[in-house]
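Undergrad: Please work out how this folds:
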Amino acid sequence: MKRLLRMAERLSLQSSAFYWVVLVRLGLHWKSYDWLRDRYLPPIKKSVELRPGIARVTRAVSRAARFVPKASCLTQALSAQIMLTRRQIPSTLHIGVRRSETGGCEAHAWLEVAGAILLGGTQESVSTYRSLTTYSSLVP
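TA: Numbering: from 1, shown residues only. Sure thing, here's the model as predicted:
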């Protein structure tokens, strides 16, 4: 019975992740980042204890993104931030840029919870980006 409940919980989480990745991908294409944040990301009023399940949300978003064309790092980070915020888990979305090897500009987004990078690489890989902006789901 417990195994069946865990399987149902994973399926629910995975379908939720797929829903948010698709919605964010379409929203970024047809609307704007600010529209998505205002509509689907209400700020958390106070910090809460970190709960187990953060890694499951991250894995679910990464899996769902494989099936959504052009699900960029921003799409994944914003989807995970929405899912975590709905679980009252504060997170910070970072957007940064760096100079590419060809001399152009590369942008990247990553998501942090309590100083740990959940999506978008490792501390070492994102340290090569210059942070442009951050969006916290926690109201100061």
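
Undergrad: Nearest to the spatial middle of the chain, which residue is it?
TA: Against the mean C-alpha coordinate of the chain, by C-alpha atoms, centre = their mean, the closest residue is residue 77 at 2.3 Å.

Undergrad: Now the helix ranked longest in the chain: buried residues?
TA: For the chain, the longest helix by residue count, based on DSSP state H, is helix 2-30. Across helix 2-30, burial judged by 16 or more other C-beta atoms under 10 Å covers 13-14, 16-18, 20-25, 27-28. Just so you know, the C-beta spots here come from the backbone N, C-alpha and C atoms, and that holds for glycine as well.

Undergrad: Enumerate the positions of the helix or strand encompassing the residue nearest to the centre of the chain that are buried.
TA: Using DSSP states H and E, residue 77 sits within helix 73-86. Neighbour counts using 16+ other C-beta under 10 Å place 73-86 of helix 73-86 among the buried residues.

Undergrad: now what about stretch 113-131, what contacts it?
TA: Contact with stretch 113-131 is made by 50, 54-55, 58, 61-62, 73, 76-77, 80, 84, 89-92, 94-98, 106, 108-112, as judged by C-beta atoms under 8 Å, 6 or more residues apart in numbering.
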